[in-house]
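> My questions are about this predicted structure, shown below with the sequence.
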Amino acid sequence: MGKGTLTFRGSSSRKPPKPAAPALPSPTGAASPSPLVPSGSNSGGGGGTAVSVKGKKKAGGARLWMRFDRVGKSEVVELDKNTIIRLAGIPARDLRILGPLFSQSSNILAREKAMVVNLEFIKAIVTAEEVMILDPLCQEVLPFVDQLRQQLPHKNESRTHGAGPADVQDNELQVSTPGQWLPVPEAVEGLQCELPFEFQVLEIALEVVCTFLDTNVADLEREAYPVLDELAGNVSTKNLEHVRSLKSNLTRLLARVQKVRDEIEHLLDDNEDMAHLYLTRKWIQNQQSEALLGGEDSNGISSALPHLHRIRSNKSGSLVTSNFFDDDDVEDLEMLLEAYFMQLDGTRNKILSVREYIDDTEDYVNIQLDNQRNELIQLQLILTIASFAIAAETLVAGMFGMNLQCTLYQVNGIFEIFVGIATAGAILLFLLVLGYARWKKLIGT
């Protein structure tokens with residue numbers, strides 16, 4: 001019985017390690033260079049994230065987000081506020097900026113590991129590895145999502161197929177450690193002629209917003225000029241109501257364009273804020289610092305520097321030229337922002353030209369109304385003069401209507417003669433006063 005018992009326990013002790021065995025590689029294979037992008041199998045990492053998010057969604061407060069990484073893979077998940085703060089490493093006030101209370105505001109904020117983008121209807125959190133888009137199924141946000149799907153994978157594929165074996169070796173930024181070279185994953189974004197991932201996303205966002213605003217301005221122009229021309233030809237209540245609605249829409253659109261333009265101008269005026277937006281550069285520098293500090297051999301550190309210098313000297317014209325690791329180099333971002341600043345300035349000038357046309361039309365309409373008002377005043381003055389002449393004739397008739405003794409009452413046919421003389425006197429008085437008013441230029445000729 002003792003042996004049987006030992007055999008039974010031995011057989012049962014062999015079963016528990018079987019389910020535990022596949023769980024051992026999971027922690028080692030789940031190491032990821034970024035807190036937002038799972039390494040290894042992308043689908044596996046994404047699936048794990050989606051499961052954890054769904055579990056938190058039931059607790060309430062979750063919102064719909066789309067996670068879009070640099071290789072074009074995306075997933076729609078529901079994440080709550082605490083999860084977003086933990087993944088992106090941003091303060092809670094930045095999420096309030098992305099809330100509905102700031103739906104019409106425009107902000108581009110730089111944080112330690114992320115960039116918060118709030119441009120009109122585009123609300124996203126961008127890191128060096130992925131972008132998280134809020135409410136990706138909204139009708140206005142769909143063009144932005146489509147542009148990300150079309151442009152980012154295309155750029156990555158063009159880099160992959162266009163690079164030779166030597167370029168592939170140079171694109172692996174290596175840092176020396178005791179006895180081996182450690183490649184920094186995805187550092188090629190800074191070593192290519194293309195912009196870093198975060199600037200590609202920012203460029204697409206600005207392009208979508210500028211296109212949206214340009215389209216609205218074009219629609220407003222097509223609607224404005226016929227309505228204003230019709231108002232100039234016919235001043236009516238209906239046309240005035242159309243112009244009032246048009247001017248309100250114009251003011252709102254100008255405010256929206258002005259907000260985006262002012263935000264870009266604010267960034268252009270502050271090189272320090274632009275330097276903080278270089279997330280890929282900061283991420284590469286952090287990876288290098290961690291790898292260099294982890295090394296114990298000083299020869300490894302010295303051997304890494306010539307390799308970095310070779311990469312920096314060979315990649316002329318790329319983002320990582322001799323100034324890539326210079327924190328004060330913001331030329332690429334400055335050129336990007338200046339291009340869209342000029343586009344927004346042109347859009348603003350179009351709106352201002354429409355508003356000037358509206359102001360000119362209003363001035364023309366006011367001149368027309370003033371002219372009509374002057375004509376009415378002149379007519380009123382003429383009628384007043386006529387009333388004065390008739391009143392003088394009525395005064396004479398009233399005097400003869402009194403019960404007084406007068407020899408004229410006994411003259412036959414005196415009534416017609418008297419009425420004719422009184423009427424002629426009234427007409428003469430009217431002409432005299434009217435001539436005096438014209439002489440004083442109170443009445444136009």
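Arrived safely. Since the model is a prediction, treat every value here as computed from it, not as a measurement.
> for stretch 251-258, which positions count as buried?
253-254, 256-257 (16 or more other CB atoms under 10 Å). Any C-beta I mention is one placed from the backbone N, CA and C, and that applies to glycine too.
> nearest to E375, of those residues?
Using CB to CB, the shortest approach to E375 within those belongs to L254, at 37.0 Å.
> Against I385, how distant is L432?
Separation of L432 from I385 (CB to CB, to the nearest Å): 9 Å.
> isn't F430 right next to A392, touching?
No: using CB atoms under 8 Å, F430 makes no contact with A392, being 9.2 Å away.
> Same drill for these two, tell me which one is more crowded.
Set side by side, F430 and A392 show more neighbours around F430, with 18 against 15, by other CB atoms under 10 Å.
> And that one, what's its pLDDT?
Predicted confidence (pLDDT) for F430: 92.
> And for G55?
40.
> what about the chain, any weak spots by pLDDT?
1-61, 101-104, 153-193, 295-328, 445 (pLDDT under 70).
> Now Q343. Nearest residue, chain neighbours left out?
Distances taken as CB to CB, 6 or more residues apart in numbering put C210 closest to Q343, at 5.1 Å, once the chain neighbours are dropped.
> number of nearby residues for the one you found?
The number of residues near C210, taken as other CB under 10 Å, comes to 21.
> For it, give me its contacts.
260, 340, 343-344, 347 (CB atoms under 8 Å, 6 or more residues apart in numbering).
> For these, give me CSV that also has distance to S353 and neighbour count.
Formatted as CSV, the contacts of C210 follow (distance: CB to CB, whole Å; neighbours: other CB atoms under 10 Å):
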residue, distance to S353, neighbour count
V260, 19, 24
Y340, 20, 19
Q343, 16, 18
L344, 15, 24
T347, 11, 21
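> what's the closest of these to G401?
T347 (78.6 Å).
> hang on, the earlier thing: output the buried residues of stretch 251-258 in CSV; the columns should cover secondary structure.
As requested, the buried residues of stretch 251-258 are arranged in CSV below (DSSP: H, G, I helix; E, B strand; the rest coil):
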residue, secondary structure
L253, helix
L254, helix
R256, helix
V257, helix
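> Going by distance to R355, which of these wins?
L254 (7.3 Å).
> ok, G425 - contacts?
392-393, 396.
> distance of W439 from A424?
22 Å.
> G72 too?
G72 is 100 Å from A424, by CB to CB.
> returning to that earlier point: phi and psi next, for the residue nearest to Q343.
phi -60, psi -40 (degrees, to the nearest 10).
> so can I have TSV of the contacts of G425 showing distance to I122?
Listed next are the contacts of G425 as TSV, based on distance: CB to CB, whole Å:
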residue	distance to I122
A392	79
E393	81
V396	86
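> taking those residues one by one, which sit in strands?
Per DSSP state E, strands hold no members of these.
> Give me the neighbour count for R149.
As a measure of burial, R149 has 13 neighbours, counting by other CB under 10 Å.
> Now for it: which residues touch it?
68, 72, 74.
> And those residues, which is closest to E362?
For those, the nearest to E362 is F68 (47.4 Å; CB to CB).
> Would you confirm that that closest one contacts V76?
No: using CB under 8 Å, F68 is not in contact with V76, being 9.9 Å away.
> Compare neighbour counts for these two and give me the winner.
F68 (23 against 14).
> What separation do you get for the more buried one and L246?
Counting by CB to CB, the gap from F68 to L246 is 38 Å.
> who has more neighbours, L432 and I385?
Using other CB under 10 Å as the criterion, L432 and I385 rank with I385 on top: 19 against 12.
> Starting from L434, give me the distance back to the more buried one.
6 Å.
> for the stretch 151-300 of the chain, what spans make up the strands?
174-177, 180-183 (DSSP state E, counting those that start in this stretch).
> what about W439, how many neighbours?
9.
> In stretch 393-401, which residues are buried?
E393.
> Give me the residues contacting that stretch.
Residues contacting stretch 393-401 (CB under 8 Å, 6+ apart): 406, 408, 418, 422-423, 425-426.
> still on that earlier bit, just the contacts of R149 now: which is nearest L336?
Nearest to L336 among the contacts of R149, with distances taken as CB to CB, is F68, at 19.5 Å.
> Tell me which residues of the strand or helix carrying that closest one come out buried.
Following DSSP states H and E, one finds F68 within strand 63-69. The neighbour-count check on strand 63-69 (16+ other CB under 10 Å) flags 63, 65-69 as buried.
> now, the most widely separated pair of those residues?
Across those, the longest distance by CB to CB is 19.7 Å; it joins R63 and D69.
> how near is K73 to A114?
From K73 to A114 the distance is 19 Å (CB to CB).
> ok, those two, which is more surrounded?
Ranked by neighbour count (other CB under 10 Å), K73 and A114 place A114 first, with 25 against 16.
> Is it correct that that one is in contact with H276?
No: using CB under 8 Å as the test, A114 is too far from H276 to be in contact (10.7 Å).
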